[in-house]
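> Need a 3D model of the following:
(one chain, ligands or ions: 1)
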Amino acid sequence: MQIKSKVLIAGAILSLLALTTMQGYLTFNTYDLRKKSFAVESRQKIGRIVKTSYVDSLSWYYRMDFVKKIPEYKNGNITKQQLLLELENAAKARNDQFLEYYKQGAKHFNLDDRVLFKKVASTIQLIDKKGNVENLIVENKNEPVFLLGNNFPLNEGLLINNWNWSFNEEFDNSNQENDTVIIKYRASLYMKIVDWDKIILKQLLLLFFIAFLLLIFLITLTTYSIRNLLKLKRVSDIKTDFINNITHELKTPLATLSIATKTLTNKFAKDNKDIAEDSINTINRQNKRLQNLIDQVVDNSLGYNDIMLNLEQVNLSAFINEVCDDFSLTISKNIQFIRDIDDTDKEILIDKFYFSTTIINILNNAVKFDGTVLKVKYFIENNTHIIAISDNGIGISKKNKKLIFGKFYRVSEKNIHNYKGLGLGLYYCNQIIKAHHGTIDVESKEKEGSTFYIKIPLDGRKEHFISR
Ligand code: ADP
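Predicted coordinates for the structure are as follows:
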């Protein structure tokens, strides 16, 4: 059972960890996929906005403005920088129109306004009649010329597409001869998604929330199951202990009974009156012992709702003194028994039989668990009757203090099983005190001793009848 439940618990924790990791992985994957598909969708929508005749015509105009300036460059009237600036300015002059168009298109295609667009000229080559190539700008080498859209840094953007275009321009060169130049031109389209993570997170918020709730549910369920398993195991251990203890307790009287009956049936004993009488006494004693044991199990198992109290008005000081008088007769002279009982005139409604049973049970335990100095103290504090019973016995560990009032519970640390018992005494005391509307608890230090406190409010039980 021990190993089986440990394996089960380890299995449950490992499964939970595996599930959590898997869920984390799947969630991350979903996030990543959503991010990618958002980029693909945005790219398609941008394509629909910019691949239109309107944008084409805008581009045509600034390209033509640029082309017209090429003869001036070829004839040495303007520099390369001035030529490229011409292209940039010609495009810039149409950018406001483009941005407005893009805005409308974004609205139309339901494109998030945090998706920005940029168009640049990334390559421009001039090829003369003889086939000589002059590179005005080379892709990935020179700074591209910004054309349309939002001018964000290129390293923050994603490349959507490249467009190639070429054009033959005829012109008169510096020698007044007719000349041609081929313009090869490549435009690159980029997009940038501002707050990409935030957009996706917002879209997946519900999914993440449900995943989180499921995880919490799973953790709670596993914790609950493990706790239940441990509880069941504890109950099963307690029951096994109880069966062992009661078998142990039954063995001695039964063995004695067997010897006594054998003696009685022995022919020699039949003729000897003294021996026969002795055996009959032994049988009677053991019979009584067995009866007591069974009564103890039956009575001490009662819950506080099942205890029928016969309440009487009692002066607790006098009553405790009486109980102590009786108890002191039963203990050996080596035990020091101290009383510190306040003389109060307050009366209390108690069942004398049950109440004395409780005090005697605690005192018997004090002796049983090696107490040699016992003390019974009684006083009233904060409108409460307090009976404190202390001993200098073996004490109770912190872990066990809360458990000893449980049914059948016995401390199972090594050595402790040398003390006989069924683990019902304190359970019974607790039920009796509960039936009196009071509480019982313990303060203890291992190897130093224990103090049990019985506390009953001054107005504990008011009704004067036999209650159920
Ligand atoms: P039992 O005495 O039959 O074992 P109880 O219900 O009276 O059962 O007590 C439960 C357990 O509490 C005991 O087995 C013992 O371990 C612990 N206990 C009770 N009283 C004392 C005490 N005075 N000193 C140390 N341990 C105690």
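
> how distant is the host helix or strand of Leu205 from the center of its chain?
Assigned by DSSP states H and E, Leu205 belongs to helix 196-265. Relative to its chain's centre, helix 196-265 lies at 19 Å (C-alpha atoms, centre = their mean, to the nearest Å).

> Can you report the mean pLDDT over the residues of it?
For helix 196-265, the mean per-residue pLDDT is 87.

> Tally up the residues packed near the closest residue to the ligand within the chain, please.
Taking C-beta to the nearest ligand atom as the measure, the chain has Gly421 as its residue closest to the ligand, at 2.2 Å. Where C-beta positions appear, they are placed from N, C-alpha and C, glycine not excepted. The number of residues packed near Gly421 is 17, by other C-beta atoms under 10 Å.

> helices or strands up against the helix holding Leu205?
helix 2-50, helix 273-300 (3 or more C-beta pairs under 8 Å, 6 or more residues apart in numbering; DSSP states H and E).

> Next, the angle from the longest one to helix 196-265.
Direction vectors for helix 2-50 and helix 196-265, defined by axes from the mean of the first three to the mean of the last three C-alpha atoms, to 10 degrees, enclose an angle of 170 degrees.

> what packs against helix 2-50?
Contacts defined by 3+ C-beta pairs under 8 Å, 6+ apart place helix 2-50 against helix 80-108, strand 115-128, strand 158-172, strand 178-193, helix 196-265.

> Can you tell me which of those is most buried?
Comparing the helices and strands packed on helix 2-50 by mean neighbour count (mean count of other C-beta atoms under 10 Å), strand 115-128 ranks first with a mean of 21.

> Can you give the distance of it from its chain's centre?
57 Å.

> That strand pairs with which strands?
Strand 115-128 sits in its sheet next to strand 133-137 (antiparallel), strand 145-149 (antiparallel), strand 178-193 (antiparallel), going by DSSP bridges.

> Let's check: the centremost residue of this protein is which one?
For the chain, Ile219 is the residue whose C-alpha lies nearest the centre (C-alpha atoms, centre = their mean; 5.9 Å).

> What sits closest to that residue if chain neighbours are left out?
Nearest-residue entry for Ile219: Leu16, 6.6 Å, with adjacent residues in sequence omitted and distances by C-beta to C-beta, 6 or more residues apart in numbering.

> so that neighbour sits right up against Thr222, yeah?
Yes - if you go by C-beta atoms under 8 Å, Leu16 and Thr222 touch, sitting 4.9 Å apart.

> The ligand contacts on this structure?
365-366, 369, 391, 393-396, 404, 409-411, 416, 421-427, 450 (C-beta under 6 Å from any ligand atom).

> Could you rerun that using 5 Å?
365-366, 369, 393, 396, 404, 410-411, 421-423, 425-426, 450 (C-beta under 5 Å from any ligand atom).

> Most neighbours among the residues you listed, which one?
Most surrounded of the residues of the chain next to the ligand: other C-beta under 10 Å gives Ala366, at 27 neighbours.

> residues contacting that one?
374, 389-391, 393, 450 (C-beta atoms under 8 Å, 6 or more residues apart in numbering).

> Could you chop this structure up by domain?
2-203, 205-300, 312-467 (automatic domain parsing).

> Could you pull up the mean pLDDT of the last one?
When the per-residue pLDDT values of domain 312-467 are averaged, the result is 89.

> Go ahead and measure how far that domain is from the middle of the chain.
How far domain 312-467 lies from its chain's middle: 39 Å, per C-alpha atoms, centre = their mean.

> next one: the longest one
For domain 2-203, the distance from its own C-alpha centre to the chain's C-alpha centre is 48 Å (C-alpha atoms, centre = their mean).

> The shortest one too?
Taking the mean of its C-alpha atoms, domain 205-300 sits 37 Å from the chain's own mean (C-alpha atoms, centre = their mean).

> Please list all residues in contact with Leu201.
31, 208.

> if you set the cut-off to 10 Å instead, what comes out?
31, 34-35, 195, 208 (C-beta atoms under 10 Å, 6 or more residues apart in numbering).

> Could you identify the most distant pair in those?
Maximum pairwise distance among the contacts of Leu201 (C-beta to C-beta): 17.0 Å, between Asp195 and Phe208.

> picking up where we left off before, now the buried members of the contacts of Leu201.
31, 34-35 (16 or more other C-beta atoms under 10 Å).

> Could you export the residues you listed as CSV, including pLDDT?
Listed next are the buried ones among the contacts of Leu201 as CSV, based on pLDDT from 0 to 100:
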residue, pLDDT
Tyr31, 90
Arg34, 91
Lys35, 91
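
> hmm, who's touching stretch 291-305?
Residues contacting stretch 291-305 (C-beta under 10 Å, 6+ apart): 242, 246, 249-250, 253, 306-308, 354, 357, 361, 407-408, 421-437, 467-468.

> would you list the helices and strands packed on helix 196-265 in a markdown table and tack on distance to Leu148?
Below are the helices and strands packed on helix 196-265 laid out as a markdown table (distance: least, C-beta to C-beta, whole Å):
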| stretch | distance to Leu148 |
| --- | --- |
| helix 2-50 | 8 |
| helix 273-300 | 92 |
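
> so which of those comes closest to Leu458?
Among the helices and strands packed on helix 196-265, helix 273-300 comes nearest to Leu458, with 28.3 Å by C-beta to C-beta.

> Can you give the strand pairings for the next helix or strand after that closest one, parallel or anti for each?
Sequence order places strand 309-310 as the next helix or strand after helix 273-300, per DSSP H and E. Sheet pairing of strand 309-310 (DSSP bridges) gives strand 466-467 (antiparallel).

> What's the end-to-end length of stretch 142-160?
Taking C-alpha to C-alpha, to the nearest Å, the first and last residues of stretch 142-160 lie 20 Å apart.

> Flag every buried residue along it.
Per 16+ other C-beta under 10 Å, stretch 142-160 contains these buried residues: 144-150, 154, 157, 160.

> Could you do stretch 311-322 as well?
For stretch 311-322, burial by neighbour count (16+ other C-beta under 10 Å) applies to 311, 314, 316-317, 319-320.

> Which members of those residues are the farthest-apart pair?
Leu311 and Ser317 (18.2 Å).

> circling back: just the contacts of stretch 291-305: which are in helices?
242, 246, 249-250, 253, 354, 357, 361, 425-435 (DSSP state H).

> Now do the helices in the stretch 301-450 of the chain.
Using DSSP state H, counting those that start in this stretch, the helices assigned to the stretch 301-450 of the chain run over residues 316-330, 352-368, 398-401, 425-435.

> can you put those helices in JSON lines and add distance to Asp237?
As requested, the helices of the stretch 301-450 of the chain are arranged in JSON lines below (distance: least, C-beta to C-beta, whole Å):
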{"stretch": "helix 316-330", "distance to Asp237": "33"}
{"stretch": "helix 352-368", "distance to Asp237": "21"}
{"stretch": "helix 398-401", "distance to Asp237": "14"}
{"stretch": "helix 425-435", "distance to Asp237": "16"}
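
> Residues contacting stretch 34-42, please?
Residues from elsewhere that reach stretch 34-42, judged by C-beta under 10 Å, 6+ apart: 106, 109-112, 114-115, 117, 158, 160, 191, 193, 196-197, 199-201, 203-204, 207.
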